[in-house]
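Chemist: got a structure for you, letters missing:
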């Protein structure tokens with residue numbers, strides 16, 4: 001792991017009760033890509049699968065999408081996503097950042113559908129949209145961090 005913030009590797013998570021989309025990115029280049037989908041069992045993350053991803057990719061920090069209602073209010077999944085973020089930090093001792101991810105899954109699905117209509121994509125599997133949503137969350141977080149200065 002590196003101490004230079006600008007060259008960090010990050011994993012982002014689109015938390016869901018059935019599946020969790022995962023994306024990876026590099027802060028220095030601002031590049032991101034879909035990585036994996038982690039299944040949930042009885043609405044609990046597969047922590048072993050997450051541990052394997054972290055072991056393989058050695059991220060310096062994690063980003064978790066936290067959904068809100070359009071008016072900014074919280075709902076049931078907001079609480080669950082925040083709990084997931086705290087558990088990630090506690091289990092893996094890495095910095096965990098939360099990112100407002102209102103409508104990321106809808107945007108990911110719309111983008112996939114548009115690309116499919118143009119002949120650029122196959123029919124989406126369930127996990128494809130989750131991974132793309134995680135990528136969008138990470139892209140938003142990187143953009144926000146870049147523009148803080």
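Modeler: Thanks, I have the structure now. Just so you know, these numbers come straight off a predicted model, no measurement behind them.
Chemist: same for the longest helix along the chain, what does it pack against?
Modeler: In the chain, assigned by DSSP state H, the helix with the most residues is helix 126-146. Packing partners of helix 126-146 (3 or more Cβ pairs under 8 Å, 6 or more residues apart in numbering; DSSP states H and E): strand 9-14, strand 19-26, strand 31-41, strand 61-66, strand 96-100, helix 104-117. Glycine gets a C-beta too; all of them are placed from N, C-alpha and C.
Chemist: Strand 96-100 and that one, what's the angle between them?
Modeler: Interaxial angle, helix 126-146 versus strand 96-100 (axes from the mean of the first three to the mean of the last three Cα atoms, to 10 degrees): 100 degrees.
Chemist: Run the chain-centre distance for helix 126-146.
Modeler: 5 Å (Cα atoms, centre = their mean, to the nearest Å).
Chemist: that older thread, adding mean pLDDT, mean neighbour count and distance to residue 55, write the helices and strands packed on helix 126-146 out as a markdown table.
Modeler: Below are those laid out as a markdown table (pLDDT from 0 to 100; neighbours: other Cβ atoms under 10 Å; distance: least, Cβ to Cβ, whole Å):
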| stretch | mean pLDDT | mean neighbour count | distance to residue 55 |
| --- | --- | --- | --- |
| strand 9-14 | 96 | 26 | 11 |
| strand 19-26 | 96 | 23 | 13 |
| strand 31-41 | 94 | 17 | 13 |
| strand 61-66 | 96 | 24 | 14 |
| strand 96-100 | 94 | 18 | 17 |
| helix 104-117 | 58 | 16 | 26 |
